[in-house]
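K.L.:
Next input, structure requested:
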Amino acid sequence: MNKWNICETAEGLNLFYTQINDKSFRDTLAKEALNYNIPESEDDTEGVKAIQPFFDLVSEYTGIYIYDLDDGMYIAGRYAPALEANGFLFFFNIGYQLTGGDGEFVQDFPLEFANGTAEIMIYDYERTLFIYPLLFVCLFLSISLFLCIILFFLNKKMRQVLALNNEILTMSAGDLTHMVPDFGGNEIGILARELNHLRESLSDNIQKEQESRKANQDLITALSHDLRTPLTILNGYLEVLKLKRNPQTQEEYLNRCLKKAEDIKELTDRMFEYALVAEENETPEITWLSSDFIGQCLTENCDFIRLAGFTPSLKLPDTTGVLKSDKTMLKRIFNNLFSNILKYGDKKHGVTVTSQLQDTDFIVSVTNLIKDEASQIDSNHIGLKNVDRIIRMLDGRMTVTQEKKRFEVELRFPLQ
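P.N.:
Modelled structure (predicted):
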C-alpha cells in the first residue's frame with residue numbers, strides 16, 4: 001500500500017535511478033530532437049532509420065514512441081530492450097500480473113524536431129527494478145508470517161494430540177488415576193473431557209467389580225464358616241447318641257439333630273442363592289420376632305457347650321420384647337460366638353451368658369476365660385468379623401472387651 005512512498009524515498013536516497021524523472025534527460029531530448037527530422041510515416045524506411053540514434057538516448061528499461069501531433073498516428077519508436085530479455089520479461093510478467101500494471105510509468109509531451117513538432121510517449125520500466133522486488137519481499141514476509149502463525153497453532157494442536165495419545169497409552173497400560181489435561185472448549189478439549197469421563201467410568205467400574213468380588217468372597221467365606229458351626233454341633237449330638245449313656249434324652253437329641261440339619265439346609269440354600277447372583281449383596285429377610293427366639297438360641301448353644309465340657313450359666317429376662325430381625329442371621333450370630341468359645345474357651349472356668357431388656361435394646365452378654373494354649377492357635381477372627389458384619393446389617397452393634405484372659409462380647413439388638 002505504501003510502495004510509491006517507499007519508492008520515492010529510495011529514489012531520493014539514490015538507491016536506484018529513474019531516467020524519466022531526470023530533468024537533464026528531458027533537456028537532452030529537446031536539444032537532440034532539433035538534429036533529427038520526423039519521418040513522414042511509419043512506412044518511411046529511410047526516415048525511421050535516420051532517427052534511430054535519437055531513440056538510443058533512452059535507457060534499456062525505457063520505450064520511446066513518436067506520434068503525429070495532429071491525427072495521433074504512430075510514426076516511429078523503439079520498444080524497451082530489457083523487455084526482450086527472457087529473464088527480465090519473466091520477472092516483469094509475474095510482477096505485472098500481481099500488481100495490475102504497477103511499475104509501468106507513462107509520460108507524453110510535445111517535442112520540436114528539425115522539420116516540425118510531434119507527440120512523444122515514453123514508457124519507463126525502471127521502477128519495476130525496485131517495486132517488483134519489494135512486492136516479492138512483502139509477499140514472502142506475508143506468507144512466512146502466515147505460515148509461522150499457522151505452524152504455531154498446528155504445533156500447539158499437535159502437542160495436544162500427542163498428549164492425548166500419551167494419555168491413551170497410559171490408560172491402556174492400566175493406570176486410570178492420571179487425569180487427562182483440560183485443553184479448552186475446542187474439539188480436542190471436548191475429546192479430552194470425554195476421555196477423562198471414560199477414564200473415570202472405567203476406574204469406577206473396575207473398583208466396583210473389585211469390591212463386588214471381595215464382597216462375594218467375604219460372603220462365601222462367612223457362610224462357609226457359619227456352615228461349619230452347625231456341622232460341629234450336629235457331630236457332637238451324634239457322638240452323644242452313639243455313646244447311649246442317657247437313653248431318656250435320645251429323642252431330644254434326635255430332634256436337635258434334625259433342627260441342626262434344617263439350619264444347615266438354610267445356610268446351603270443361601271450359599272446357592274448368592275453363588276447364582278454374583279452381584280447381589282447379602283440382605284437380611286426381616287420378620288417380626290419375639291425376644292424369646294433369642295433366648296431359645298442361647299439355651300440351645302449353652303446345652304451344646306455343656307456337652308462339650310463347659311459350664312454355662314444362662315440368665316434370661318422375665319419379660320419379652322418385640323424386634324424386627326432375620327432368624328437365620330440370628331442363629332449364625334450365636335453359632336459363631338459359641339463356636340469361638342469351643343475353640344478358645346477354658347473349660348475349667350464357667351461361661352456366663354446374660355440377656356436383658358434395657359430401654360429400646362435387647363442386650364446379650366457372653367463372658368468366658370481364654371485357655372492358655374489359645375495364643376498358639378492361628379486365628380483370622382472370621383467368627384467375630386461375621387458377627388460384627390451381620391449384627392450391623394440388623395441395625396445392631398457389637399462390643400468386644402478383652403482384659404488379659406477375660407473375654408466378653410456384648411450384643412445390642414434394637415427393639416420395636
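K.L.:
Following element in sequence after the helix-or-strand element of the chain with minimal mean pLDDT, please.
P.N.:
Taking mean pLDDT, DSSP states H and E as the measure, the chain has helix 3-12 as its least confident helix or strand, at a mean of 69. With elements assigned by DSSP states H and E, the helix or strand that comes after helix 3-12 is helix 23-33.
K.L.:
tell me what that following helix is packed against?
P.N.:
On a contact count with 3 or more Cβ pairs under 8 Å, 6 or more residues apart in numbering; DSSP states H and E, helix 23-33 meets strand 105-113. In this view, the C-beta of every residue, glycine as well, is placed from N, C-alpha and C.
K.L.:
For the helix or strand that the strand it packs on is followed by, C-alpha coordinates in CSV please.
P.N.:
Where DSSP H and E defines the elements, the next helix or strand beyond strand 105-113 is strand 116-124. Once side chains and other backbone atoms are set aside, the C-alpha atoms of strand 116-124 remain, and they are given as CSV (Å, rounded to 0.1, in the frame of the first residue of the first chain):
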residue,chain,number,x,y,z
GLY,A,116,8.2,20.1,-37.1
THR,A,117,6.6,19.2,-33.8
ALA,A,118,5.5,15.6,-32.8
GLU,A,119,4.0,13.9,-29.7
ILE,A,120,6.5,11.9,-27.7
MET,A,121,5.3,9.0,-25.5
ILE,A,122,7.8,7.4,-23.1
TYR,A,123,7.1,4.1,-21.3
ASP,A,124,9.5,3.8,-18.4
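K.L.:
So which bits of strand 116-124 are buried?
P.N.:
Neighbour counts over strand 116-124 (16 or more other Cβ atoms under 10 Å) mark 118, 119, 120, 122, 123, 124 as buried.
K.L.:
Quick one: distance of the helix or strand following it to the chain centre.
P.N.:
With elements assigned by DSSP H and E, the helix or strand that comes after strand 116-124 is helix 128-172. How far helix 128-172 lies from its chain's middle: 27 Å, per Cα atoms, centre = their mean, to the nearest Å.
K.L.:
ok, now stretch 352-363?
P.N.:
Centroid separation between stretch 352-363 and its chain, computed with Cα atoms, centre = their mean, is 55 Å.
K.L.:
For this structure, give me the ranges with low pLDDT.
P.N.:
Under the criterion of pLDDT under 70, the regions of the chain flagged as low confidence span 1-5, 8, 11-12, 14-17, 86, 100-103, 269-282, 374-382.
K.L.:
For it, give the helix that spans the most residues.
P.N.:
The longest helix of the chain (DSSP state H) is helix 187-243.
K.L.:
tell me the angle of that helix relative to helix 128-172?
P.N.:
Taking axes from the mean of the first three to the mean of the last three Cα atoms, to 10 degrees, helix 187-243 and helix 128-172 form an angle of 10 degrees between their directions.
K.L.:
How about residue 399: what's its closest non-neighbour residue?
P.N.:
Counting by Cβ to Cβ, 6 or more residues apart in numbering, residue 410 is the residue found nearest to residue 399 once chain neighbours are left out, at 4.4 Å.
K.L.:
Next, the one you found: secondary structure please.
P.N.:
On the three-state scheme (DSSP: H, G, I helix; E, B strand; the rest coil), residue 410 is labelled strand.
K.L.:
Now do the same contact list for it.
P.N.:
By Cβ atoms under 8 Å, 6 or more residues apart in numbering, the contact set of residue 410 is 363, 364, 365, 398, 399, 400, 401.
K.L.:
roughly how far apart are the third one and residue 402?
P.N.:
Right, the one you point to is residue 365. Applying Cβ to Cβ, to the nearest Å, one obtains 14 Å for the distance of residue 365 from residue 402.
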